[in-house]
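Asks: what's the 3D shape of this:
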Amino acid sequence: MAVCDVLAILVQQAKGLTERDFARFHPSGRLGRRLLLSVDDVMIKGEGLPVIDTASHFPDLLFAISSKGIGMTTLVDEEGAYVGVVTDADIRRLLLRGEHVNRLTVAECFERSRRGSESSAPTDVDGSASPDTKAIDCLRQMQANQITELVILDGVRPVGVVRLQDLIAAGL
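Replies: As a prediction, this is how the structure comes out:
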């Protein structure tokens, strides 16, 4: 068996085959999925994506978080540009601190729910990617940043959210 493995490696090197070639020939295998699956294939998008304007008020925020069943919503400014996310855990933290959330706008909830030195400015570290990002790269980013949801942006506009559980279910 070892001799066959060596011969296979030598043929691979002689023909210049790469991991991508292997993925093309074996798309349903683990390596194939890792190399070919884009985040667009597994993300929540369209009507399933919770989005709310920062000028809205708390009851609308609560509805946006609850209505899609994923425990979070993306926030956009008046032009539709991504601002950040608010999760059900952020709301719990606000309530535990005694905030009067019913009087707050979405922007105020977002600012007051930030933990420690966490910035409100969206960056790649903050948890975003683009639709053409490979799913495996999203998984790595989520693991590195210890997050369970990643916002997918098309330029500055949110177009989807990928959850850790969806990436795991996809076999990554």
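Asks: From Thr87, how far off is Leu61?
Replies: 11 Å (C-beta to C-beta, to the nearest Å). Every C-beta, even on glycine, is put in place using the N, C-alpha and C of the backbone.
Asks: now do Glu79
Replies: Taking C-beta to C-beta, one finds Glu79 at 23 Å from Thr87.
Asks: picking that back up, between Leu61 and Thr87, point out the one with more neighbours.
Replies: Counted by other C-beta atoms under 10 Å, Leu61 and Thr87 do not tie: Leu61 has more neighbours, with 25 against 16.
Asks: which secondary structure element contains the most centrally placed residue in the chain?
Replies: In the chain, the centroid-proximal residue (C-alpha atoms, centre = their mean) is Leu150; its distance is 1.7 Å. Secondary structure from DSSP states H and E places Leu150 in strand 149-154.
Asks: can you tell me the average pLDDT over that strand?
Replies: If you average the pLDDT over strand 149-154, you get 90.
Asks: Neighbours of Gly69, how many?
Replies: Applying other C-beta under 10 Å, we find 9 other residues in the vicinity of Gly69.
Asks: With Gly16 instead?
Replies: Residues contacting Gly16 under the criterion other C-beta under 10 Å number 7.
Asks: And it, how far from Asp5?
Replies: When Gly16 is compared with Asp5 (using C-beta to C-beta), they lie 19 Å apart.
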